[in-house]
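Trainee: Everything below, folded, please.
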Amino acid sequence: MQTTNSVLPKEQTGQTVPVGKYRWTICALLFFATTVNYLDRQVLSLLQPLLAERFGWSNTDYANIAAVFQFVYAISMLFAGRFVDRLGTKWGYAIALIIWSIGAIMHAYAETLGALFLPVAAFLGLTAVSVSVWGFMIARAVLGFGEAGNFPAAIKATAEYFPKRERSFATGIFNSGTNVGAILAPITVPWIASLWGWESAFWIIGAIGFLWLLFWFFFYDKPAEQKRLSPAERAYINSDQEQELKPNSPEAAEKVSWFTLLKYKQTWSFAFGKFMTDGVWWFFLFWLPAYLKAQYGMTGTQIQLPLAVLYSMTMFGSIGGGWFPTYFINKGYNPYDGRMKAMLIIALIPLVVLAAQPLGSISFWFPVLLIGIGASAHQAWSANIFTTVSDMFPRKSVASVVGIGGMAGGLGGVFMTKLGGYLFDYYKAQGHIETGYTIMFTICAVAYVIAWTVMKSLVPRMKAVVI
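Mentor: Now for the predicted structure:
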């Protein structure tokens, strides 16, 4: 993590003044919350081979369970951004984490939840769905509802605590929590399940979030109210953005409607980029354990090393991708143009995933490493696409725009998950399940080039939104 003292330029202060590092404490909190977020959502995918055998799930059953999470997450993202904007980052983030931690723990009681819901399902004529599937759907819905608050709150906190020149780097750091969560999950979840049963994995991982709350309430306040910030660091934070608004001022109370935000091409650019690319990451996250079982017969602790290696690779993409645009910005590009130039290069990297299946016949390590490169590129892309919002929109609307884009990304994830489940069952019945994975990997490989092309067409050059 970058902790070097930044300085305020002489033209602002009359002299070079070192500033503090407290904003990086906030970044660390966002990193740990995002780590917990991804730990909680990945437990199910790691236990999918075990649970599918225990409950007799098809690929379509599992796709339906995963798609419920993504659909609820998508719709909730739209409202989560508004919720965080209205309630404020501190309480908005805390409430979201409490809800998703409860949802994570609820998975341990999926059979009971499904049995309780069965009379409702019978009344609605939905008896074709098994008790276990209903139970996990309910738990995933609660998890998705709460987890939707993570990124709108984290992006808003980053916009509050960092000047634009540091935002993509700070976003890359906290977004790398997704990678750490993805690394820790395959190391810990199969081990916990083998020792104490699959229910305990949901219980133990789900409870971690409540520990984070203690640190969040102790360390976080809005910059204008943060007593641990030095005057120099507060001035540095506000050096290239709109000044902090007084809590009770008319400007602070002003809210921007969704319909107003949807009038801007910048909103549609972000939303389309998320729709095309979020599903790729979700596909890798939710289906890789199933892929390793279907293609190579790997289950339980056998998948620990491949997945840990794969997600360790993504750390480089998340942090390096956050830094990459500064190379162009330092050459004189404005933040948006520098970011888009970096994103074009990043968008070409996932094309290596096209070789995953052809080389997979040699060793499982080839698809693992190639998918790792593609997933690393996704994290680099993600760090930058989030930051395009704070580049172009005023802080009062950042979380709302992130929410709109998050909804689009979640719907893209639903499409990818349902498509994957259908293709895998279809080609499995024909004895060629590998064909289903070839199709899905092709979609994953080309999605970023398509996304960048449309985004660039909608917003060819930097144009800040004035609301």
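Trainee: correct me, but Pro186 touches Ile303?
Mentor: Yes. Here Pro186 lies in contact with Ile303, judged by CB atoms under 8 Å, at a distance of 6.0 Å. C-beta here means a position set from N, CA and C on the backbone, and glycine is covered the same way.
Trainee: Quick check: neighbours shared by the two?
Mentor: Overlap between the contact sets of Pro186 and Ile303, as judged by CB atoms under 8 Å, 6 or more residues apart in numbering, is given by 46, 289.
Trainee: Can you list the low-confidence ranges for this structure?
Mentor: 1-18, 121-128, 240-255 (pLDDT under 70).
Trainee: Can I get the helix or strand harbouring Glu160 as CSV, trimmed to CA atoms?
Mentor: Element membership for Glu160, per DSSP states H and E: helix 150-161. C-alpha atoms of helix 150-161 as CSV (Å, rounded to 0.1, in the frame of the first residue of the first chain):
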residue,chain,number,x,y,z
ASN,A,150,-20.3,-2.7,-0.5
PHE,A,151,-19.0,-1.1,-3.7
PRO,A,152,-21.3,2.0,-3.7
ALA,A,153,-20.2,2.7,-0.1
ALA,A,154,-16.5,2.0,-0.8
ILE,A,155,-16.4,4.1,-4.0
LYS,A,156,-18.1,6.9,-2.2
ALA,A,157,-15.6,6.7,0.7
THR,A,158,-12.8,6.8,-1.8
ALA,A,159,-14.3,9.9,-3.5
GLU,A,160,-14.6,11.5,0.0
TYR,A,161,-11.0,10.7,1.2
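Trainee: from the middle of its chain, how far away would the following helix or strand past it be?
Mentor: As assigned by DSSP H and E, the chain's next helix or strand after helix 150-161 is helix 164-175. Helix 164-175 sits 14 Å away from the centroid of its parent chain (CA atoms, centre = their mean, to the nearest Å).
Trainee: repeat for stretch 168-186
Mentor: 9 Å.
Trainee: and the residue nearest to Phe169 when sequence neighbours are not counted, what does it touch?
Mentor: In this structure, Phe169 finds its nearest non-sequential neighbour in Gly322, 4.6 Å apart by CB to CB, 6 or more residues apart in numbering. By CB under 8 Å, 6+ apart, the contact set of Gly322 is 168-173, 175, 380, 383-384, 387.
Trainee: mind putting the residues you listed in JSON lines, distance to Trp281 and neighbour count included?
Mentor: JSON lines is the format used below for the contacts of Gly322 (distance: CB to CB, whole Å; neighbours: other CB atoms under 10 Å):
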{"residue": "Ser168", "distance to Trp281": "18", "neighbour count": "32"}
{"residue": "Phe169", "distance to Trp281": "20", "neighbour count": "22"}
{"residue": "Ala170", "distance to Trp281": "20", "neighbour count": "28"}
{"residue": "Thr171", "distance to Trp281": "15", "neighbour count": "28"}
{"residue": "Gly172", "distance to Trp281": "15", "neighbour count": "27"}
{"residue": "Ile173", "distance to Trp281": "18", "neighbour count": "24"}
{"residue": "Asn175", "distance to Trp281": "11", "neighbour count": "30"}
{"residue": "Ala380", "distance to Trp281": "12", "neighbour count": "29"}
{"residue": "Ala383", "distance to Trp281": "12", "neighbour count": "32"}
{"residue": "Asn384", "distance to Trp281": "14", "neighbour count": "25"}
{"residue": "Thr387", "distance to Trp281": "17", "neighbour count": "27"}
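Trainee: Please point out which parts of the helix or strand hosting Tyr62 sit buried.
Mentor: Assigned by DSSP H and E, Tyr62 falls within helix 59-87. Burial within helix 59-87, assessed by neighbour count using 16 or more other CB atoms under 10 Å, is assigned to 59-85, 87.
Trainee: One more: stretch 404-420?
Mentor: Buried-residue list, stretch 404-420, by 16+ other CB under 10 Å: 404-420.
Trainee: of the contacts of Gly322, closest to Ile237?
Mentor: Ala170 (11.1 Å; CB to CB).
Trainee: Against Leu30, how distant is the closest one?
Mentor: Going from Ala170 to Leu30 by CB to CB, to the nearest Å gives 8 Å.
Trainee: Which neighbours do the two have in common?
Mentor: Joint contacts of Ala170 and Leu30 (CB under 8 Å, 6+ apart) are Thr158.
Trainee: Kindly reformat the contacts of Gly322 as TSV containing distance to Tyr291.
Mentor: Formatted as TSV, the contacts of Gly322 follow (distance: CB to CB, whole Å):
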residue	distance to Tyr291
Ser168	31
Phe169	33
Ala170	33
Thr171	29
Gly172	27
Ile173	29
Asn175	24
Ala380	23
Ala383	26
Asn384	27
Thr387	31
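Trainee: quick one: which two of those are the most distant?
Mentor: Ala170 and Ala380, at 14.6 Å, using CB to CB across the contacts of Gly322.
Trainee: Which helix or strand contains the residue nearest to Phe169?
Mentor: Per DSSP H and E: helix 304-329 holds Gly322.
Trainee: do the same with Lys341
Mentor: With DSSP H and E as criterion, Lys341 is part of helix 335-348.
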